[in-house]
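*Asks:* What follows is a predicted protein model with its sequence.
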Amino acid sequence: MTDQHQAAAVEAEAAGRGGLAQNELDELVASSDTGGRSVEGPVGVLLLLTALAWSLFQLYIASPFGLFNDTLARSIHLAFALFLGILAFPAARTKFQMILGIVVPLALAALFMISAKDGVAVWWVPIPAIAIAATVVLGSPKSSIPIWEWALAIVGALAALYLFFFYRDIASRVGAPIMQDYVVAVIGLMILLEATRRALGPALMIVASVFLMYTVLGPQMPGIIAHKGNSLSEIVNHQWITTEGVFGIALGVSTSFVFLFVLFGSLLDRAGAGNYFIQVAFSLMGHMKGGPAKAAVVSSAMTGLISGSSIANVVTTGTFTIPLMKKVGFSSEKAGAVEVASSVNGQIMPPVMGAAAFLMVEYVGIPYPEVVKHAFLPATISYIALVYIVHLEALKAGMVGLPRAVAPKPWVARLMGTAFIIAAICALSLAVYYLMGWIRPAFPQSAGYIIFVFLTAIYVGLLYVASREEPLKLDDPNEPVTRLPVPGPTVRSGLHFILPIVVLVWALMVDRLSPGLSAFWATAYMIFILLTQRPLMAMFRGESQFSSDMKKGVLDLIDGLVTGARNMIGIGIATATAGIIVGVVSQTGVGAALADVVEVLSGGHMLAILALTAVLSLILGMGLPTTANYIVVSALLAPVIVMLGQQNGLIVPLIAVHLFVFYFGIMADVTPPVGLASFAAAAVSGGDPIKTGVVAFFYSLRTAALPFLFIYNTELLLIDVTWAQGIFVFVVATIAMLLFAAATQGWFLAKNRIYESIALLLIAFTLFRPGFWMDMVSAPYLEVDPIEISEAAGLTPLGDELRLRVMGRDSFGDPLEFVALVPIITDGTGEERLQAAGLTFRDDGGKMIIDNVAFGSVAAEGGLDWDQEVLRVLKPQPQPSKYLMFIPALLLLGAVVMMQRGRNARDTRKRAAA
C-alpha cells in the first residue's frame, strides 16, 4: 500500500470518532517511515539485530577511529538499507502497486536488452526481472516474511556489497565492465527500484525508470531533448560500478552525515526530549489566546530541530496538541492544518533540515555552518509568522487560552525575570566560550577529557535540579485539561536534554568539525545520558535500584539505535535512487536541454522561470520524499535558474537557488491531493484530509513567499551582511512577514477590507524589497559605451562592481548573452583595476573584445573568457538609501491601523449601546 493509501485508510477509520488510537497512529508512522511489517519471534529479533548492527556500523565509521574508505562505506550503507527495506515493507497492497511491481522490472529488462552493444550477451537479463515480478505476484503478509522475500533481500544486499568485495578489481577496469559487472549492476538496479516502490511508493520508482529509459532512447526523443543514447555498458559503468550514479554524492551524504543526525534525534526522543519540548511549549504559551495552537507551533519547531520527518513530527506532537486545539475552539481541519504547517516547517529548521542541509554542503560547495547561517533566518521568520497566524485565528473566533496553573506575576516582575534569565544565559555563554578557548591551547592533548568532565559536572547538576521536580508524564489528550503545567518546574525538569544539542552546535559552529564527526560526538554524549540518567535520577530521589535502572537505560539505548536505523531505511533508499536520476543528468546532458525548454516556456522572464521551478518541485514532491525531491529538482533546475538568471541580469547565489528548490519540495507534504502530512493530521483530528490540506496550504503561503523574496533580496539569507545589518534585516523581515500573514488571513486589528489587504501586501513587499521602488526613482547603474570601459572602471568606487553584458558562446558553440560582474578590488587607473580583476581588452573596429582573462581571476570566476564581446557596460552610480522607501510604507501602515482601530471603537460603542 502506498503512503497515501495507508493514510487514507486510517483517516477513514478516524472519521466520525475524533481521531485514532495510539496503536493506530503508530501503525501509520510505521507504514510511512519505518516499515509496515510487524514480525515477532526469531525473525523479528534478527531484523532488530540487523538494524542495531547498522547503527553501530555508522557510529564506527563516523568516529575518529573509523578509518574507512568512503566508497566502501556507501556500499555497506546501501546493503543495510536494501536488506531492511525489502524485509520491512510488504510487497504490495493495491492493484496499481502490484502492476508496477510486475511491469517496471520487465520493462527495464527489455530496455537493457535493447541498449546492449558490441556482442554483449543479454539472454539472462529477463531472469532477475521475472524473479522480482514473481515476488510481487506471490505477495507477502505483514506478520511474516516468505522465503522469496529473504532471497530478494539477500541478493539485493550482495549486489550493493559488490563494490566492497571487488573494489580493487573494479578500479583496474573502470570503463570496461566484464560480464560479472553487467549481471550485478542489472540485478542491483532492478532490486533498488523494487525497494523504492515498497518503501517510498510508486512515484520515485516511476521517475527513476523514466530517466533510465531516456538514457537509452535519447535518439528517439524530441529534438530539443534528444541525445546520442547510451549503451548498457555505459549505463552499468556510470550507474553502479563508479560513484557517478547510485553510489554518488547523495548516498555519500546519507552515509556520512544524515544517519548520525537521524540517530541523534532518535536517541534524544527516546530519552524523553520530545515530551519535554511539548510540555515546555504548553507551559509557556498554553494560557494565550489559541494557546494550544501556539504551543503546537513551538513544540513542532523544537521537535523539527531533531527530526527530519514531517509525518513523524505531525503524529508525535499532534496526538497531544490537536485534541487540545479542538477544545479551545479550532475546527478539526484548522487544528490539523496548524499541526501540518508547523511540522512540515521543521524540515527547514537547522540543524537537520530533513537531510537537505548536508546535501547542500556537497552540491553548493560551502561549509555546513554557512548553510545553517543562510537557512536560519527564513525558517525563524516562518515560524514567528505561523504563531501570528494562529493568533489571528484565535482573534477571529474569540478564543481564550487554557487556565494557568498559577496566578501570573505582575508584568514588571515578569520583564525583570526575563531580563535576568537572558543576562544569565549570555554570561554563561561567554564564560563557556572563553573557558573553552583557554582550555584547548593550555591542554592540547587532554582538552577533550577536561571538557567531558566539565560537561558531565553540569549534567549531574542539572539532573539533580530535575530530580527535585515531579517527573514529566505523557498526558492523555482525551482527558479534560483543568490547568497547564507550571513553567518553572516544567523547564527545570529536562534542562539536561539541552546539553547534547549544545555539544552538536558547538562542534559544528565553534570547533568547525565536520558534520559527521560533530554528530558522532553529540550522539556519543547522548548515549552517555541515556545510560546514566535513570540511575542518577533514581539515586537523587532516594529510589535507587541500580541494576534495574541500568537495564532500563540499556534497553532505551538499544531501542533508540534500532529506531534510528529504521528511520533511515527510506532515506538510504531514496538517496540511492535519486542518484540514478543525477547520474542520468550528468551522463546525457539533459540539464542543458532542460534549460532550453524552461527558457522557451518562460519566455526568458526570471519570475516565470522561478514559478515553473516551484510548480515542478510541487509536482515531483507529491510522490517523492523531501530528500529525493530536493536531489532531483536541484540536479535538474538549480543550474538552469543560475544560468538563465545570469542571462537576465540577475546574479543569483547558488545557495539561494538550492533553498528555493528545497522550500517548494517540502510544500508538497502539505499540498492536496497527495500531501501525506495532511492525511496524517486528519487521521489524528478526525477531519477531512483534503480540507485540512487546503487550510494548511494557506497557512503555509508565508513559506511559499519567502523563496521568491530571498532570490531577489539575498540579505534575507544573511549573505554579505554584518551582525548589525543581520539584526536589522531580521526585525524588518519579521514585521513584513507578519503583515503578509495578516493580509492573506484577512485580519489585522479587525477584519480586513479588500483595499486594506492589498495595502498590507504592498507594505510587506516594500519592507522586503525596498530597492524595487528605489530603482524606479533613481537608477542604480548608468550605461556607458563599451569603448569607455576603462574610464568607467576608474570612476567605480573601490569594492563596488561593474556590470557587463557580454556576448559569448555556450558549451555547444551557440551564441549566448549573459551578465557578468567585475569587482573593483584595487586602487589605480581604470586599466590597472581591470587588469587586477584579470581582464584585458582590445578595440576591434569599435567593438570591445576581451583579449585575455587571467586564470583563477575574479573575472574568470564570473564566466568571462577571451574573444567575448562586451555589449553593454553599467557603471554603479550614487543612489539614495533604499530604506527611504520605508517612510511611505510606514505611513500607509499607520493609515490602515487608524482605520481598523476606528472601526473597532465604533463596533465597541455599538455593542455597548445595544
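*Replies:* Nice, thanks for sending it over. Numbering: from 1, shown residues only.

*Asks:* the strands in the stretch 801-914 of the chain, which residues?
*Replies:* Shown for the stretch 801-914 of the chain, the strands assigned by DSSP state E, counting those that start in this stretch span residues 801-809, 815-823, 839-844, 847-853, 869-876.

*Asks:* So which of those is nearest residue 687?
*Replies:* strand 815-823 (49.6 Å; Cβ to Cβ). The way it works is simple: take the backbone N, C-alpha and C, and place the C-beta from them, glycine included.

*Asks:* any idea of the angle the closest one forms with strand 847-853?
*Replies:* Angle between the axes of strand 815-823 and strand 847-853 is 70 degrees (criterion: axes from the mean of the first three to the mean of the last three Cα atoms, to 10 degrees).

*Asks:* before we move on, which element is residue 618 in?
*Replies:* Taking DSSP states H and E as the definition, residue 618 sits inside helix 606-621.

*Asks:* sorry, back to before: need the strands of the stretch 801-914 of the chain in a markdown table (columns: mean neighbour count, distance to residue 712 and mean pLDDT).
*Replies:* Shown next, in a markdown table, are these (neighbours: other Cβ atoms under 10 Å; distance: least, Cβ to Cβ, whole Å; pLDDT from 0 to 100):
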| stretch | mean neighbour count | distance to residue 712 | mean pLDDT |
| --- | --- | --- | --- |
| strand 801-809 | 19 | 16 | 86 |
| strand 815-823 | 19 | 15 | 84 |
| strand 839-844 | 16 | 28 | 87 |
| strand 847-853 | 18 | 29 | 88 |
| strand 869-876 | 18 | 18 | 88 |
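
*Asks:* can you pull the buried residues of the helix holding residue 618?
*Replies:* 606, 609-610, 612-614, 616-621 (16 or more other Cβ atoms under 10 Å).

*Asks:* so where is the stretch 201-350 of the chain shaky, pLDDT-wise?
*Replies:* Along the stretch 201-350 of the chain, the model assigns pLDDT under 70 to residues 304-312, 316.

*Asks:* what about the helices in it?
*Replies:* 202-216, 232-236, 249-253, 259-270, 273-285, 291-304, 310-327, 332-344 (DSSP state H, counting those that start in this stretch).

*Asks:* Mind checking the strands of the stretch 801-914 of the chain for the one nearest to residue 649?
*Replies:* If you check each of the strands of the stretch 801-914 of the chain against residue 649 by Cβ to Cβ, strand 815-823 wins as the nearest, at 4.5 Å.

*Asks:* Name the surrounding residues that touch that closest one.
*Replies:* 643, 646-651, 793, 799-810, 834, 837, 839, 858-859, 862-864, 871 (Cβ atoms under 8 Å, 6 or more residues apart in numbering).

*Asks:* How about stretch 572-582?
*Replies:* Stretch 572-582 is touched from outside by 77-78, 80-82, 85, 189, 192-193, 195-196, 199-200, 204-205, 207-208, 211-212, 239, 245-251, 253-254, 258-259, 355, 624-625, 627-628, 631-632, 635-636, with contacts defined as Cβ under 8 Å, 6+ apart.

*Asks:* again, 6 Å this time
*Replies:* Residues outside stretch 572-582 that contact it (Cβ atoms under 6 Å, 6 or more residues apart in numbering) are 78, 81, 85, 192, 195-196, 199-200, 204, 208, 211, 245-246, 248, 250-251, 254, 625, 627-628, 631-632, 635.

*Asks:* Can you name the element that comes right after the longest helix along the chain?
*Replies:* Longest helix of the chain, by residue count under DSSP state H: helix 546-588. Where DSSP H and E defines the elements, the next helix or strand beyond helix 546-588 is helix 590-602.

*Asks:* quick one: that next one to chain centroid distance?
*Replies:* 26 Å (Cα atoms, centre = their mean, to the nearest Å).

*Asks:* now swap in stretch 873-881 and tell me
*Replies:* 37 Å.

*Asks:* Regarding it, how distant is the last residue from the first?
*Replies:* 23 Å (Cα to Cα, to the nearest Å).

*Asks:* Identify the residues contacting it?
*Replies:* By Cβ under 6 Å, 6+ apart, stretch 873-881 touches 778, 780-784, 786, 789, 792, 796, 800, 803.

*Asks:* what's the closest of those to residue 343?
*Replies:* residue 780 (41.5 Å).

*Asks:* quick revisit: most tightly packed of the helices of the stretch 201-350 of the chain?
*Replies:* Highest mean neighbour count among the helices of the stretch 201-350 of the chain (mean count of other Cβ atoms under 10 Å): helix 332-344, with a mean of 30.

*Asks:* Now do that one and helix 310-327, the angle between them.
*Replies:* 140 degrees.

*Asks:* elements contacting helix 332-344?
*Replies:* Applying 3 or more Cβ pairs under 6 Å, 6 or more residues apart in numbering; DSSP states H and E, one finds that helix 332-344 contacts helix 291-304, helix 310-327, helix 368-397, helix 676-685, helix 689-699.

*Asks:* okay, those in a markdown table with distance to residue 439 next?
*Replies:* Formatted as a markdown table, these follow (distance: least, Cβ to Cβ, whole Å):
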| stretch | distance to residue 439 |
| --- | --- |
| helix 291-304 | 30 |
| helix 310-327 | 37 |
| helix 368-397 | 21 |
| helix 676-685 | 44 |
| helix 689-699 | 47 |
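
*Asks:* so which of these comes closest to residue 54?
*Replies:* Of the helices and strands packed on helix 332-344, nearest to residue 54 by Cβ to Cβ is helix 310-327, at 18.6 Å.

*Asks:* For that closest one, which helices and strands make contact with it?
*Replies:* Partner elements for helix 310-327 (3+ Cβ pairs under 6 Å, 6+ apart): helix 22-29, helix 273-285, helix 291-304, helix 332-344, helix 676-685.

*Asks:* Count the residues that sit near the nearest residue to residue 907 once chain neighbours are set aside.
*Replies:* Nearest non-adjacent residue to residue 907, counting by Cβ to Cβ, 6 or more residues apart in numbering: residue 750, 7.7 Å away. For residue 750, the neighbour count with other Cβ atoms under 10 Å is 15.

*Asks:* Same check on residue 796?
*Replies:* Other residues near residue 796 come to 19 when the count uses other Cβ under 10 Å.

*Asks:* tell me the pLDDT at residue 731?
*Replies:* Listed pLDDT for residue 731 reads 91.

*Asks:* picking that back up, ok, so of the buried residues of helix 606-621, who is nearest residue 277?
*Replies:* residue 621 (26.8 Å).
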